[in-house]
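K.L.:
Provide a 3D model corresponding to the input given below.
(2 chains)
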2 protein chains.
Amino acid sequence: MLDRAIVAELREAVGERYYKEDQESLVTHSYDGTPMLQSLPDGVIYPGNTAEVSAVMTILNKHRIPLVSRGSGTNLCGGTVPVQGGVVMVMHRMNDILEVDLQNLTATVQPGIITKRFIEHIEGLGLFYPPDPSSMSISTIGGNIAECSGGLRGLKYGTTKDYVLGLECVLASGEIIRTGGKLMKDVAGYDLTKLLIGSEGTLAIVTEATLKLIPPPKHKKTMLAMFTDLYGAARTVSRIIENRIIPATLEFMDNPTIRVVDDYAKLGLPLNMAAILLIEQDGDFETVERDIELISEICHAEKADQISIASNQEEALKLLTARRSAFTALARLRPTTILEDATVPRSKIADMVLEINRIAQKYNVQICTFGHAGDGNLHPTATTDARDHEEIHRVEEAFAEIFEAAIQLGGTITGEHGVGLVKAPFLEWKVGSAGIAIMKNIKQAFDPLNLLNPGKMFAKETRRRVVLNRG
Amino acid sequence: MLDRAIVAELREAVGERYYKEDQESLVTHSYDGTPMLQSLPDGVIYPGNTAEVSAVMTILNKHRIPLVSRGSGTNLCGGTVPVQGGVVMVMHRMNDILEVDLQNLTATVQPGIITKRFIEHIEGLGLFYPPDPSSMSISTIGGNIAECSGGLRGLKYGTTKDYVLGLECVLASGEIIRTGGKLMKDVAGYDLTKLLIGSEGTLAIVTEATLKLIPPPKHKKTMLAMFTDLYGAARTVSRIIENRIIPATLEFMDNPTIRVVDDYAKLGLPLNMAAILLIEQDGDFETVERDIELISEICHAEKADQISIASNQEEALKLLTARRSAFTALARLRPTTILEDATVPRSKIADMVLEINRIAQKYNVQICTFGHAGDGNLHPTATTDARDHEEIHRVEEAFAEIFEAAIQLGGTITGEHGVGLVKAPFLEWKVGSAGIAIMKNIKQAFDPLNLLNPGKMFAKETRRRVVLNRG
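P.N.:
Residues are numbered from 1 along each chain as shown, chains lettered A, B, ... in the order given. Below is the predicted model:
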């Protein structure tokens, strides 16, 4: 609990009822979407506008109290767990769509708006905002910006960073800055907009965002291709792209995932397949028809055992369900589900899946793999039990080895989930000690007192690298 | 001239013949594409590989000597003028295409490669790299990265920052870092890749870049629409985009530019037009045909006086020539040509052009305006004479007022040319004093001794803002 005088100042800033420190509020904001991490804050604050955010931050800065800003906390890296206590700032009251500008094709929103609500509003106006993280029915745009969220449409359309044109932010000092604008081009100084996206709340508090909208595709088609040969599936991914086709969606599920999904969703999937690819193309009618035909030919040439092309919206939805329900299906298996996102160049997908399987076997843990094959972003997912410390230890060892394998294949430790607490001990593996030093200096440049989401991104100690013994 | 012992160290690092300090070399590297700026360096160095760049930087860092890295110096912001002396590092020897990866659709290049040579190589492989700055037959990819270059295809395809996936850089300390990779997604730490793009050589020396390639469009169509009503042309720009069409190119020329271009290129353009729009669409055959038809309808509805649609490649080239020759045509008029790039939300194009005309008249200077209407990026261009100090003063006052007008319309002081020396006194107008402070801290984070391209981006003093008297 904070000093009474400080609490009085905070309540003065936002109104009595918008600073809470009852046990229920503290516990509710002590964790996020990441399993096995919890730490109580000293208080929870709900600002109603930018001026209040600035006032709160000025008070906290004066008293050297840490602040963790958050939306719905659906992140998977422990990004919003208040590990050093202090105040959790929940942005849900600031949830307006301030403007949709049809001439400039931009939308200006507050950070607390739910992603799906925003997308539905935009689609209702005949426009398109592509980033669609799996958590979108709960997640907020502010959270998506903090984590640079991706989704199923990332291959063709990019991720959150490709759609943020400008930001209003409150700095650790309480000062307000504006970056970018309704501008497709702006090179006035360093690109703070892009730097802030994916900075996980460690550099500033986002209070407003101007987003780029695009015309929606006119037509869409969905197909599944199933392979008994894992390499056939992987080669298909590469060959589609080599053939100059960038599908809107190009998703992958391995055999263990297929089994679990089918058991859950009763889709009648063939359980003997090594891999299923879910492929969607969108665009003009002729383009879509031609691309889907070409993709089918490639699947045949790579000896797909079965190809289903949806002939209508309902069938498409059924095929999509297979992939969309992967996480939910896996989460039913055991008490604890740990979803990771090692990412490799897309030509290395098959190598990476084989490495994951080898490592799972070595540590005797259950890991199912699915993910965004088109952009090399895999989600190896361990089903385990947090109460079994010995097993959890093996799971952690396995993931460390998976990260090492990703790095050795030219990949990264995280494609879309962020570093937060969970990946901090591994960050140096990707960016090197000089990279870590520069990033720490950047943190210092924004937040010299280390008040914004402290303890994230940078670990006290980097994990020792694993020696891979491939079989 | 540097101390002999230091010169000996530098010659040891790169080889005798690759460090020069003869008068010709110094003068040649004392200026760049920007008029009226010149400052002699102490020496010019030509490294052959990353290790040599690192060795040179280590030596300069030890002796606290400034370094300006550059390619062909085609920038228009004084970005590579060595205002504090020191060593100019020319990247032309490091000009290899190291790899084109057809599976991952990436290319890895050294910074000294000429943009056009790279684009032609890529197109020869049936692939597409969109950024096409006007200077591309001379400019280098490294220079494009330093300035975040745009071009005629920016509206639909984005600028350099949208195509750089990873970098190898040498820091001011001489250390080498790698950012990103052949990865469509990577959120491991702060996005240093995007931060370095457009940082104008003030944060690090780029020694290698991994670029994203995309499938080329299958078909392309080009048209000109001419308007006696400036607002009709401007409304056409907005209405095309409102109608959910994003053309590949959507360029604008005002009446003074039309006159000068026609006089130069003898194209038979109608000289009574207030504005000409050059429009290109690319993509699949059906898409292009439909979009061009819709665009023609919009042009008609907005009372275009004349519409020409190219029926073949030659005719298209002729239409493109009108726009491509604008700068060359203007440069013939008077001894000095000053090309600026104030940028506004695209809905404000007409307002901005009227402001430019009002301001030109007020200061009695000749300003022609052309540019990328689709992304609001205008190039008001003054034809003047550097020897006439009184006139140059009026030109400078006019541009200050143009920047103020752009800011007031929700725009920025530079859309694609960069800050460098020329815009430094205006940067605070766009980013505010808190923004400047953060950017200076970031500079400090990378380059604590201020050795990399010192004197750029940040001015000793911000210019006083102009009071606009419209009407």
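K.L.:
Who are the packing partners of the helix or strand A:Lys220 falls within?
P.N.:
A:Lys220 is part of strand A:219-227 when elements are defined by DSSP states H and E. Using 3 or more Cβ pairs under 8 Å, 6 or more residues apart in numbering or on different chains; DSSP states H and E, the elements in contact with strand A:219-227 are helix A:230-242, strand A:275-283, helix A:285-301, strand A:306-309, helix A:313-324. Backbone N, C-alpha and C define where each C-beta goes, glycine included.
K.L.:
for the stretch 251-400 of chain A, what are the low-confidence residue spans?
P.N.:
For the stretch 251-400 of chain A, no stretch has pLDDT under 70.
K.L.:
90 - rerun?
P.N.:
A:265-268, A:286, A:311-328, A:350 (pLDDT under 90).
K.L.:
Which residues of it lie near chain B?
P.N.:
Residues of the stretch 251-400 of chain A lying near chain B by Cβ under 8 Å from any Cβ of the partner chain: A:283-287, A:290, A:343-347, A:372, A:374-377.
K.L.:
just the buried members of those?
P.N.:
Buried members of these, scored by 16 or more other Cβ atoms under 10 Å in any protein chain shown, are A:283-284, A:287, A:290, A:343-347, A:372, A:374-377.
K.L.:
thinking A:Thr343 is in contact with A:Ala406, fair?
P.N.:
Yes. Between A:Thr343 and A:Ala406 a contact is recorded at 6.6 Å, counting by Cβ atoms under 8 Å.
K.L.:
what's the overlap in contacts for the two?
P.N.:
A:Thr412 (Cβ atoms under 8 Å, 6 or more residues apart in numbering or on different chains).
K.L.:
What's the local residue count around A:Pro47?
P.N.:
Neighbour count for A:Pro47, taken as other Cβ atoms under 10 Å in any protein chain shown: 28.
K.L.:
what does the one 3 residues further on give?
P.N.:
In terms of burial, A:Thr50 registers 17 neighbours under the definition other Cβ under 10 Å.
K.L.:
What's the separation between it and B:Glu120?
P.N.:
Separation of A:Thr50 from B:Glu120 (Cβ to Cβ, to the nearest Å): 49 Å.
K.L.:
Now do the contacts for A:Ala326.
P.N.:
Here A:Ala326 is in contact with A:Met253, A:Thr257, A:Val260, A:Val261, A:Cys368, A:Phe370, A:His379, A:Thr381 (Cβ under 8 Å, 6+ apart).
K.L.:
Just confirm the third one is within a helix.
P.N.:
Yes. With DSSP: H, G, I helix; E, B strand; the rest coil as the criterion, A:Val260 is located in a helix.
K.L.:
Could you tell me how many residues sit around the closest residue to it other than its chain neighbours?
P.N.:
In this structure, A:Val260 finds its nearest non-sequential neighbour in A:Ala329, 4.8 Å apart by Cβ to Cβ, 6 or more residues apart in numbering or on different chains. For A:Ala329, the count of nearby residues is 21 (other Cβ under 10 Å).
K.L.:
go on, the one 3 residues further on?
P.N.:
Using other Cβ under 10 Å as the criterion, A:Arg332 is surrounded by 11 other residues.
K.L.:
And the residue lying closest to it once chain neighbours are set aside, which helix or strand is it part of?
P.N.:
Leaving aside its sequence neighbours, A:Arg332 sits nearest to A:Tyr264 (Cβ to Cβ, 6+ apart; 6.3 Å). Element membership for A:Tyr264 (DSSP H and E) is helix A:255-265.
K.L.:
Touching, A:Ile442 and B:Gln444? I think so.
P.N.:
No. Judged on Cβ under 8 Å, A:Ile442 makes no contact with B:Gln444 at a distance of 10.1 Å.
K.L.:
Among those two, which residue is more densely surrounded?
P.N.:
A count of neighbours by other Cβ under 10 Å puts A:Ile442 above the other of A:Ile442 and B:Gln444, at 23 against 14.
K.L.:
Now do the contacts for the more buried one.
P.N.:
Counted by Cβ under 8 Å, 6+ apart, A:Ile442 has contacts A:Leu195, A:Leu203, B:Tyr190, B:Leu195, B:Ile442, B:Ala445.
K.L.:
let's see 7 Å
P.N.:
B:Tyr190, B:Ile442, B:Ala445 (Cβ atoms under 7 Å, 6 or more residues apart in numbering or on different chains).
K.L.:
What of A:Glu340?
P.N.:
Residues near A:Glu340 by Cβ under 7 Å, 6+ apart: A:His379, A:Pro380, A:Phe399, A:Ile402.
K.L.:
So the first one versus chain B, what's the distance?
P.N.:
When distances are taken as Cβ to the nearest Cβ, to the nearest Å, A:His379 and chain B turn out to be 12 Å apart.
K.L.:
can you list the domains in chain A?
P.N.:
A:4-90, A:102-212, A:219-329, A:335-446 (automatic domain parsing).
K.L.:
In a markdown table, list these along with distance to B:Leu211.
P.N.:
Shown next, in a markdown table, are the domains of chain A (distance: least, Cβ to Cβ, whole Å):
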| stretch | distance to B:Leu211 |
| --- | --- |
| domain A:4-90 | 29 |
| domain A:102-212 | 15 |
| domain A:219-329 | 16 |
| domain A:335-446 | 14 |
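K.L.:
For B:Ala310, find the nearest of these.
P.N.:
B:Ala310 sits nearest to domain A:219-329 of all these, at 21.7 Å, using Cβ to Cβ.
K.L.:
how far does that closest one sit from the chain's center?
P.N.:
22 Å (Cα atoms, centre = their mean, to the nearest Å).
K.L.:
how far does it stretch from start to finish?
P.N.:
Start and end residues of domain A:219-329 are separated by 30 Å (Cα to Cα, to the nearest Å).
K.L.:
Check stretch A:186-194 too.
P.N.:
By Cα to Cα, the extent of stretch A:186-194 from end to end equals 12 Å.
K.L.:
ok, and what's touching stretch A:230-245?
P.N.:
A:225, A:227, A:247, A:250, A:252, A:274-275, A:277, A:291, A:294-295, A:298-299, A:302-304, A:346-347, A:349-350, A:353, A:373-374, B:102-103, B:105, B:215.
K.L.:
Any of these buried? List them.
P.N.:
Using 16+ other Cβ under 10 Å as the burial test, those include A:225, A:227, A:247, A:250, A:252, A:274-275, A:277, A:291, A:295, A:298-299, A:302, A:304, A:346-347, A:349-350, A:353, A:373-374, B:102-103, B:105 as buried.
K.L.:
For the stretch 101-250 of chain A, list the residues in contact with chain B, please.
P.N.:
Residues of the stretch 101-250 of chain A lying near chain B by Cβ under 7 Å from any Cβ of the partner chain: A:102-105, A:147-148, A:150, A:154-155, A:159, A:171, A:175, A:177-178, A:181-192, A:194-195, A:198-199, A:215, A:238, A:241-242, A:244, A:246.
K.L.:
Just the buried residues of those residues.
P.N.:
The neighbour-count test (16+ other Cβ under 10 Å) applied to those identifies A:102-105, A:147-148, A:150, A:154-155, A:159, A:171, A:175, A:177-178, A:181-192, A:194-195, A:198-199, A:238, A:241, A:244, A:246 as buried.
K.L.:
Now do the phi/psi pair for A:Ile114.
P.N.:
The phi/psi pair for A:Ile114 (degrees, to the nearest 10) reads phi -70, psi 130.
K.L.:
Wait, it touches A:Gly142, no?
P.N.:
No. Here A:Ile114 does not reach A:Gly142: they are 10.3 Å apart, not a contact under Cβ atoms under 7 Å.
K.L.:
Looking at the two, which one has more neighbours?
P.N.:
Neighbours per residue, other Cβ under 10 Å: of A:Ile114 and A:Gly142, the larger number sits with A:Gly142, 28 against 19.
K.L.:
Secondary structure element holding the more buried one?
P.N.:
Assessed by DSSP H and E, A:Gly142 sits inside helix A:141-147.
K.L.:
which intervals of the stretch 101-250 of chain A have sub-threshold pLDDT?
P.N.:
Filtered on pLDDT under 90, the stretch 101-250 of chain A yields the residue ranges A:134, A:151-152, A:231, A:234, A:238, A:242.
K.L.:
what ranges do the strands span in it?
P.N.:
For the stretch 101-250 of chain A, applying DSSP state E, counting those that start in this stretch gives strands covering A:106-109, A:164-170, A:176-180, A:205-212, A:219-227, A:249-254.
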